[in-house]
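Peer 1: heads up, no residue letters with this:
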């Protein structure tokens with residue numbers, strides 16, 4: 001066991017390498033050769049074969065197109081390079097809040113309407129904006145209450161109005 005990992009260790013002696021033609025390339029100036037191989041080598045090889053298969057390549061492409069961009073956005077633009085919480089439950093809450101922020105940002109991008117031209121378009125947007133934002137804040141408040149209900153944290157409804 002090395003650093004919590006099961007490994008099979010193989011060593012050579014100086015006599016084993018004495019007349020070897022590739023001794024210089026293999027061990028250099030060292031006196032022995034050490035080889036560490038994980039005890040889970042068969043599982044690793046099976047996984048490598050599965051990933052290299054046609055279905056494995058397809059699933060990798062799917063994952064790269066759906067999941068990884070979200071984590072990249074959270075890391076780069078929402079400041080989640082490091083989760084500064086203690087415990088799995090707190091880190092889970094932090095990730096949920098980041099996912100909510102990401103989804104709200106995405107939702108707002110699709111709900112805003114783009115107007116080609118017109119002087120009255122600005123007034124229509126200003127009239128509709130408070131009700132849309134209020135509805136979205138109420139939904140966000142409900143999610144926050146669900147997330148933090150175990151800690152008895154409440155959001156003041158009067159501050160949202």
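Peer 2: Thanks, I have it. None of the values given here were measured: they were computed from a predicted structure.
Peer 1: could you report the pLDDT at the residue of the chain most remote from its centre?
Peer 2: Of all residues in the chain, residue 19 has its C-alpha farthest from the mean position, at 51.1 Å, by Cα atoms, centre = their mean. The pLDDT attached to residue 19 in the predicted structure is 81.
Peer 1: poorly predicted segments of this protein, please.
Peer 2: Judged against pLDDT under 70, the low-scoring parts of the chain cover residues 1-4, 111-134, 137, 144-161.
Peer 1: where does the residue nearest to the spatial centre of it sit, in terms of helix or strand?
Peer 2: By Cα atoms, centre = their mean, the chain has its centre lying nearest to residue 71, at 4.3 Å. Assigned by DSSP states H and E, residue 71 belongs to helix 68-77.
Peer 1: state the distance from the nearest residue to residue 81 once chain neighbours are set aside to residue 67.
Peer 2: In this structure, residue 81 finds its nearest non-sequential neighbour in residue 75, 5.5 Å apart by Cβ to Cβ, 6 or more residues apart in numbering. To be clear about C-beta, it is placed using only N, CA and C from the backbone, and glycine gets the same treatment. Taking Cβ to Cβ, to the nearest Å as the measure, residue 75 and residue 67 are separated by 13 Å.
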